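Enquirer: this one's structure only:
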């Protein structure tokens, strides 16, 4: 029988200035294993964090094991450290919330994550906390338009009092949170699509703005399939229906459904590729809204996949101008 000692630590940005000067804050837990989590202004050896405004979240635990039954030492060590880390994350989150600090600091305040193990509690060896590598592709952006074009357009948009649509602002926040806070990313991403559509309706049919703002509206997918084709859009796509392709609508339907199950039933959010796919659909939809609102240049930022999938239905006879 052998006893192993474990330590894990990371720095929490902007939290140090809220901690007591002398004493550490100590939290003792029984599950998922007996452990102690501390918030401090310095490490165990009294070293300071890289940023003086940061705090240190540290955790310790021990584990006994029978050597000849331990199938893989590294697998065993990583499992314990991961369990320790899984206790530290909610400790910091709940601490910030309980102390009224939730709005403070960056969305993901963690940095400099380290894990250690020891056979005697005196000599420590570092264990990598990297558990794998996942490639995630950003939304592709093409080359900038010619300088004279972009300068002319920016000046004109500012002169006319045009602001970046709120839907795009929300989407940027959702996309930035997708890896660290998938639940927030999903909720904000769906809100971005809903806001984008409501703003489009208000710009095209001003007398309907109050209605879409104040009256509960049907599911987004139903509105896009039934109401969107009736709008007097300012630009349209040649040879294509006003309603986006079914593959995009289905992705938005799934995003709304998962958002509702998350918010109302507490179900877990999608993550990884599934969440990325939903958010990319939101991005395409927001650019489509921009086109329909009169920003013809926005069609350049709709993904090739969505444009290829668009059903080539006969264009309704409307006065909107073609852009592609």
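Expert: Nice, I can see it. Computed from a predicted structure; not experimentally measured.
Enquirer: okay, CA-based contacts and neighbour counts for the rest of this
Expert: Noted.
Enquirer: thought residue 228 was touching residue 242?
Expert: Yes - counting by C-alpha atoms under 8 Å, residue 242 is a contact partner of residue 228 at 7.2 Å.
Enquirer: who has more neighbours out of the two?
Expert: residue 242 (26 against 18; other C-alpha atoms under 10 Å).
Enquirer: tell me the pLDDT of the nearest residue to that one once chain neighbours are set aside.
Expert: Excluding the flanking residues, the one nearest residue 242 by C-alpha to C-alpha, 6 or more residues apart in numbering is residue 229, at 5.3 Å. Looking at residue 229, its pLDDT is 89.
Enquirer: tally of neighbours for residue 229?
Expert: Neighbour tally, residue 229, other C-alpha under 10 Å: 15.
Enquirer: confirm that it sits in a helix.
Expert: Yes - assessed with DSSP: H, G, I helix; E, B strand; the rest coil, residue 229 lies in a helix.
Enquirer: contact partners for it?
Expert: Residues in contact with residue 229 (C-alpha atoms under 8 Å, 6 or more residues apart in numbering) are 241-243.
Enquirer: show me which of the residues you listed is closest to residue 223.
Expert: Checking those against residue 223 with C-alpha to C-alpha, the nearest one is residue 243 at 10.0 Å.
Enquirer: got the phi and psi for the closest one?
Expert: The phi and psi torsions at residue 243 (degrees, to the nearest 10) take the values phi -70, psi 130.
Enquirer: isn't it up against residue 227?
Expert: No - taking contacts as C-alpha under 8 Å, residue 243 lies outside contact range of residue 227: 9.0 Å.
Enquirer: the two - which one has more neighbours?
Expert: A side-by-side neighbour count of residue 243 and residue 227, using other C-alpha under 10 Å, places residue 243 first with 19 against 13.
Enquirer: am I right that residue 60 falls within a strand?
Expert: Yes - in this structure, residue 60 lies within a strand as judged by three-state DSSP.
Enquirer: show me the contacts for it.
Expert: By C-alpha under 8 Å, 6+ apart, the neighbours of residue 60 are 5-8, 35-37, 84.
Enquirer: repeat that with 7 Å
Expert: Listed by C-alpha atoms under 7 Å, 6 or more residues apart in numbering, the contact set of residue 60 reads 6-8, 35-37.
Enquirer: what's the separation between it and residue 13?
Expert: 21 Å (C-alpha to C-alpha, to the nearest Å).
Enquirer: domains in the chain, by residue range?
Expert: 2-127, 147-322 (automatic domain parsing).
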